[in-house]
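J.: Predicted model and sequence below, questions to follow.
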Amino acid sequence: MGVSNSDPGGVLDARFLRAIELWCAGKWMSAGAFGADVYRDSGFVAAVRDGRSPRLGTVDCGFRRT
């Protein structure tokens, strides 16, 4: 049985954001510091929270670097 997702990226974006937040909490790191360190963009996490949908390659790259 497949999972329907009428909002492209919505479910994955939420899971990605939650993973970042959990990782940051475990490392006592701010979201801005995470974005700056991993993506060279201190506003990256804030942009995802505001609805930005990162490309799959961006997500994959970030999890390999953390």
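T.: Received it, and whenever you're ready, just let me know what you need.
J.: The closest residue to residue 58 other than its chain neighbours: neighbour count?
T.: Spatially, and ignoring its direct neighbours in sequence, residue 58 is nearest to residue 39 (7.1 Å; C-beta to C-beta, 6 or more residues apart in numbering). The C-beta positions use only the backbone N, C-alpha and C, and glycine is treated the same way. By the criterion of other C-beta atoms under 10 Å, residue 39 has 17 neighbours.
J.: And for residue 43?
T.: The burial count for residue 43: 14, using other C-beta under 10 Å.
J.: what's the closest non-adjacent residue to it?
T.: Leaving aside its chain neighbours, residue 43 sits nearest to residue 35 (6.4 Å; criterion: C-beta to C-beta, 6+ apart).
J.: Likewise for residue 46?
T.: Closest residue to residue 46 apart from its sequence neighbours, by C-beta to C-beta, 6+ apart: residue 31 at 6.8 Å.
J.: What ranges does this structure have for its helices?
T.: In the chain, the helices defined using DSSP state H lie at 10-27, 31-39, 44-49, 56-65.
J.: Extract the residue ranges of this structure that are flagged as low pLDDT.
T.: Where the chain drops to pLDDT under 70, the residues are 1-9, 62-66.
J.: can I assume the residue nearest to residue 58 is in contact with residue 59?
T.: No. In terms of C-beta atoms under 8 Å, residue 39 does not count as a neighbour of residue 59; the distance is 10.2 Å.
J.: Tell me, how many residues neighbour the residue nearest to residue 33 when sequence neighbours are not counted?
T.: The spatially closest residue to residue 33, leaving aside those adjacent along the chain, is residue 42, at 7.5 Å (C-beta to C-beta, 6+ apart). Residues lying near residue 42 (other C-beta under 10 Å) number 15.
J.: Contact partners for residue 42?
T.: 32, 33, 35, 36 (C-beta atoms under 8 Å, 6 or more residues apart in numbering).
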